[in-house]
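> Let's see this in three dimensions:
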Amino acid sequence: MGFKLAACAEMLWQDRPITWRAARLTEMGLGVGLWNWPDHDLDRLAATGADFTIMNGYLTGRLADGEGAEALLASARESAQAGKRLGIERLNLHGTGLGEGGIPIPRRGSFAPGMEQRARDTLNRLCDMAEVEGVTFTLENLNPMDHPGCPFGSTAAVLALVSAVDRPQLRINLDLYHTQIGEGDLIRWCEACLPWIGEVQVADNPGRCEPGTGEINYAGVARALAGMGYDGPVGMEAYAQGAADDALAAFRAAFTLPRQAWGDRRPAPP
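Model prediction:
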């Protein structure tokens, strides 16, 4: 009973090889999140025996126009094959590709008529492919300060798209760091997104470091998630303010709850 905890390997121990980081997280009993898979030797990563939980599920493309959709689907299919080599559980998407510094390509200040429907159509095609490949994609919310002009970046927009598609091959990667900056009201957003959550990602704000370094009461968020029945993956996508081992200890402490916090989920006796 409890959350399945993981951490983004690319944000921790940045002076160490990625295979060392994956092995270290595994020693600590944590899953391993990745970003762009072409940056790594997949065979060497697979040899670590790590439990790889999530990675970028596309390299190029966009949700809401014809050319971008074709690029996204081709890239997602290639990423699905790479992910299966590592046993990846979730392949992550955004509303459009992100360039250097996380700037969306292209940036859009407003939505043209029909963009939402085209995005839903693209996501349904993606689900068709995912069903054949036996993989699951997640659509992640972003925030307007770090990723200005990203279409379908807000928590509300991601929830609207994923709930409208409503297929098991597409879930929400609910990044609470981004939600805090963009919208706040974290617990009620968790409740609204709950039926479609594939993963919850966390970092504190400001600074994007581990829980306890900023303004977010992650221990309270953890209790609320457990209380509403969520016991799925929680990934720390954060930098370490000091030592990485200390950051991971703080993360584990925030999201490790006593049995009574979960309630008694055993079936009632006959």
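> Does anything pack onto the one helix or strand Ala6 maps to? Which helices or strands?
Per DSSP states H and E: Ala6 is located in strand 4-8. In terms of contacts (3 or more Cβ pairs under 8 Å, 6 or more residues apart in numbering; DSSP states H and E), strand 4-8 is packed against strand 31-33, strand 52-56, strand 233-236, helix 244-254. To be clear about C-beta, it is placed using only N, CA and C from the backbone, and glycine gets the same treatment.
> Tabulate these (CSV), appending distance to Tyr218 and mean pLDDT.
CSV is the format used below for the helices and strands packed on strand 4-8 (distance: least, Cβ to Cβ, whole Å; pLDDT from 0 to 100):
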stretch, distance to Tyr218, mean pLDDT
strand 31-33, 17, 98
strand 52-56, 19, 97
strand 233-236, 10, 98
helix 244-254, 4, 98
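> To Gly214, which of these lies closest?
Shortest separation from Gly214 across the helices and strands packed on strand 4-8 is recorded for helix 244-254, at 11.5 Å, computed as Cβ to Cβ.
> Just list what the closest one packs against, helices and strands only.
Against helix 244-254 (3+ Cβ pairs under 8 Å, 6+ apart) you get strand 4-8, helix 218-227, strand 233-236.
> what angle do the longest one and helix 244-254 make?
What it means is helix 218-227. Helix 218-227 and helix 244-254 are oriented at 50 degrees to each other (axes from the mean of the first three to the mean of the last three Cα atoms, to 10 degrees).
> And helix 218-227, what's buried?
Neighbour-count burial for helix 218-227 flags 218, 221-226 (criterion: 16 or more other Cβ atoms under 10 Å).
> helix/strand/coil for the residue nearest the centre of the chain?
The centroid of the chain falls nearest to Asn173 when counting by Cα atoms, centre = their mean (3.9 Å). Counting by DSSP: H, G, I helix; E, B strand; the rest coil, the backbone at Asn173 sits in strand.
> Show the contacting residues for it.
54, 90, 92, 138-141, 198-199, 201 (Cβ atoms under 8 Å, 6 or more residues apart in numbering).
> Strands - which of those land there?
Among the contacts of Asn173, the ones falling in strands (DSSP state E) are 54, 90, 92, 138-140, 198-199, 201.
> longest helix in this structure, by residue count?
helix 66-86 (DSSP state H).
> So which bits of that one are buried?
Across helix 66-86, burial judged by 16+ other Cβ under 10 Å covers 68-69, 71-73, 75-80, 82-83, 86.
> ok, now which ones touch Glu70?
Taking Cβ under 8 Å, 6+ apart as the criterion, Glu70 is in contact with Gly61.
> And the pLDDT at it?
Note on Glu70: pLDDT of 96.
> same deal with Gly214?
pLDDT for Gly214: 98.
> One more: the one 5 residues further on?
At Ala219, the model reports a pLDDT of 97.
> residue contacts, it?
Counting by Cβ under 8 Å, 6+ apart, Ala219 makes contact with 211, 253-254.
> ditto for His40
18, 34.
> And it, how far from Pro17?
Distance of His40 to Pro17, given as Cβ to Cβ, to the nearest Å: 10 Å.
> hmm, back to that, so which of the buried residues of helix 218-227 is the closest to Val132?
Using Cβ to Cβ, these come closest to Val132 at Leu225, 32.2 Å.
> Give the ranges of residues in the stretch 1-150 of the chain that sit below the confidence cut-off.
Low-confidence regions of the stretch 1-150 of the chain, defined here as pLDDT under 70, cover residues 104-113.
> related to what we said a few turns ago, need the buried residues of helix 66-86 in JSON lines (columns: distance to Gly31).
As requested, the buried residues of helix 66-86 are exported to JSON lines (distance: Cβ to Cβ, whole Å):
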{"residue": "Gly68", "distance to Gly31": "31"}
{"residue": "Ala69", "distance to Gly31": "31"}
{"residue": "Ala71", "distance to Gly31": "29"}
{"residue": "Leu72", "distance to Gly31": "26"}
{"residue": "Leu73", "distance to Gly31": "27"}
{"residue": "Ser75", "distance to Gly31": "24"}
{"residue": "Ala76", "distance to Gly31": "22"}
{"residue": "Arg77", "distance to Gly31": "24"}
{"residue": "Glu78", "distance to Gly31": "23"}
{"residue": "Ser79", "distance to Gly31": "18"}
{"residue": "Ala80", "distance to Gly31": "19"}
{"residue": "Ala82", "distance to Gly31": "17"}
{"residue": "Gly83", "distance to Gly31": "14"}
{"residue": "Leu86", "distance to Gly31": "12"}
